[in-house]
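S.K.: Give the three-dimensional model of this entry:
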Amino acid sequence: MADIRHWQHHIHSETETITAPSGQSKNPEGVFVCTFTEGEYVMPANVKVSTENTASGYSVKIRRGLIERLGIEILRLEDDTEHEVLLITDEKVSGLYLQKVIMNFQECPRPEGTKLRICELLIDSHEPAKNFQTVAKLLEDMARLGLSERCCVVALGGCVVCDAAGFAAGCYMNGVRLVLVPTTLAAMVKASAGGHARLNLNAGGNLAGMSYSPSLVLCDTDSLKTLPPDEYRSGVAEALKTSIVCGEDMFRIFERGEADGNIERIIEECIKFRAGISGNDERIRGLKLGCVVGSAICSLSSYDVQHGIATAQGIGITAMASAKMGWCSEETAKRIIGALNRNNLPDNTNSFRPSEIAQAARRSWGGIVDMVVPAEIGRCEVRKVKSEELEGIISAGMNR
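M.R.: Coordinates of the predicted model:
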């Protein structure tokens, strides 16, 4: 069972009349309209994500400083006199941003008589906690707080927080409004598009999932400054993997070692690409490149190795093995490994033997393993690999 280290909630009620400050005006219906002066607050360019279950889709906004304007963004989603907001985050992110977020909500101009209630729940943000036990505890606490079907769940954190909160929002009262505020690069790249929430099972990572689209995604690139180096690199690895599937233009940024200087563009391109592929698109399977080996490394390390770092190792091993098996050219494999190296990412592991990695992968896949391999930059293929052949393939990728 997941170790849920710390749970608490704070409720802030606002019932007083709010007077519109300078720079705010009322429309004929009496609703305050935010009119910011030029240079003070410029709305970021949106990435529009189309979804099957909603006619309008949702917007992904990428810009610095969005967390400090979280209240403005959320309260404008719907015109209501009573707002219930549940912030789901972790202990570290709460310490960094919670007071700023609450202050922004309280200072937001609202129509006269509007009531605002804010609650907070903290969850463990480590990968082993991304499971049904965490989601079940979230749902029980949401019910205990008496949250209604009008509530808006705000996921403020990394991949674990976004996945767990997204799953809970999709389940509670048959689905409530969801806003994702990813604070890690991996979460911005992975969790921001597609409307998918995934959980780990004992048999393996990300084996349970559901499709549930957010109403809004806010990617505040200022939050990347707070990340430890390994966590930031983990996100770079996820973006690099997307570039291998996406094609030459994006991949060349990584090949030149220029990811750090183009991070906002990379986030936008990753989201556009992931948002533009559906479940029937063969490119969506390409996003599992390196996952057979990477997930096995994560499991063997008891998740001490960051998921993205393990994915980078898996990509490097898979690329080299693919060249030796004749599934891709030697040049393609060298380019992929070179891109990993130029972005300070590992392309191999010496912590585990090929036999150990193969055994861990078999536990998730059984007799036949669907191994995603690079055919060329911009195209991946799925190879059906017999479980007894897996160790030899992994060994070929690890032996340089």
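
S.K.: contacting residues for the closest residue to V153 other than its chain neighbours?
M.R.: Of all residues not flanking V153 in the chain, A169 sits nearest, at 4.0 Å (CB to CB, 6 or more residues apart in numbering). In short, each C-beta sits where N, CA and C put it, glycine included. By CB atoms under 8 Å, 6 or more residues apart in numbering, the contact set of A169 is V153, A155, G175, V176, R177, L178, Y212.

S.K.: Compare these and tell me which has the most neighbours.
M.R.: A155 (30 neighbours; other CB atoms under 10 Å).

S.K.: So for it, what's the pLDDT?
M.R.: You'll see A155 listed with a pLDDT of 97.

S.K.: Over to C219?
M.R.: On the pLDDT scale, C219 gets 94.

S.K.: Okay, strands next: where are they in the stretch 51-200 of the chain?
M.R.: 58-63, 82-89, 115-122, 152-157, 177-182, 196-201 (DSSP state E, counting those that start in this stretch).

S.K.: So which of those is nearest C219?
M.R.: Between C219 and the strands of the stretch 51-200 of the chain, the shortest gap by CB to CB is with strand 58-63, which sits at 4.4 Å.

S.K.: quick one: average pLDDT of that closest one?
M.R.: 88.

S.K.: list the helices and strands that strand packs on?
M.R.: Secondary-structure packing of strand 58-63 (3 or more CB pairs under 8 Å, 6 or more residues apart in numbering; DSSP states H and E): strand 46-49, strand 216-220, helix 263-275.

S.K.: what are the pairing partners of it, and which direction each?
M.R.: strand 46-49 (antiparallel), strand 216-220 (parallel) (DSSP bridges).

S.K.: and the helix or strand that the last one is followed by, how far out from the chain's middle?
M.R.: Note on strand 216-220: by DSSP states H and E, the next helix or strand toward the C-terminus is helix 229-246. Its chain's C-alpha centre lies 12 Å from the corresponding centre of helix 229-246 when counted by CA atoms, centre = their mean, to the nearest Å.

S.K.: what does stretch 230-249 give?
M.R.: 13 Å.

S.K.: before we move on, what about stretch 220-240?
M.R.: That offset, for stretch 220-240, works out to 11 Å (CA atoms, centre = their mean).

S.K.: Sketch out the low-pLDDT regions of this protein for me.
M.R.: For the chain, applying pLDDT under 70 flags the ranges 1-46, 48-56, 191-194, 278-281.

S.K.: And it, what are its domain boundaries?
M.R.: 12-226, 233-398 (automatic domain parsing).

S.K.: hang on, the earlier thing: which two among the contacts of A169 are spaced furthest apart?
M.R.: A155 and G175 (14.6 Å).

S.K.: sorry, back to before: output the strands of the stretch 51-200 of the chain as a markdown table; include the columns distance to K288.
M.R.: Formatted as a markdown table, the strands of the stretch 51-200 of the chain follow (distance: least, CB to CB, whole Å):
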| stretch | distance to K288 |
| --- | --- |
| strand 58-63 | 22 |
| strand 82-89 | 27 |
| strand 115-122 | 31 |
| strand 152-157 | 23 |
| strand 177-182 | 20 |
| strand 196-201 | 12 |
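
S.K.: Give me the residues contacting stretch 374-381.
M.R.: By CB under 8 Å, 6+ apart, stretch 374-381 touches 244-248, 251, 283, 285-286, 289, 318-319, 322, 327-329, 332-333, 335-336, 372-373.

S.K.: Now go through these and say which are in strands.
M.R.: V372, V373 (DSSP state E).

S.K.: Buried among the contacts of stretch 374-381? Need that as a selection in PyMOL.
M.R.: Buried residues within the contacts of stretch 374-381, by 16 or more other CB atoms under 10 Å, are selected in PyMOL with:
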select buried, resi 244+245+246+251+283+285+286+289+318+319+322+327+328+332+333+335+336+372+373
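
S.K.: which ones among the contacts of stretch 374-381 are found in helices?
M.R.: The helices, defined by DSSP state H, take in 244-246, 248, 251, 283, 285-286, 318-319, 322, 332-333, 335-336 from the contacts of stretch 374-381.

S.K.: Just grab the bridge partners of R177 for me.
M.R.: Beta-bridge pairing for R177 (DSSP bridges): C152.

S.K.: who's in contact with it?
M.R.: Contacts of R177 by CB under 8 Å, 6+ apart are L77, E78, C151, C152, V153, A169, S215.

S.K.: cool, and Q306?
M.R.: So Q306 contacts D230, E231, R233, S234 (CB under 8 Å, 6+ apart).

S.K.: So the closest residue to P128 other than its chain neighbours, which state does it fall into?
M.R.: With sequence-adjacent residues excluded and distances taken as CB to CB, 6+ apart, P128 is closest to Y303, at 5.4 Å. What DSSP: H, G, I helix; E, B strand; the rest coil gives for Y303 is coil.

S.K.: separation between Y303 and T318?
M.R.: 20 Å (CB to CB, to the nearest Å).

S.K.: Same question for P346.
M.R.: 13 Å.

S.K.: which residues does the spatially closest residue to K190 that is not a sequence neighbour contact?
M.R.: Counting by CB to CB, 6+ apart, E238 is the residue found nearest to K190 once chain neighbours are left out, at 5.7 Å. Residues in contact with E238 (CB under 8 Å, 6+ apart) are L185, A186, V189, K190, C270, G308, T311.
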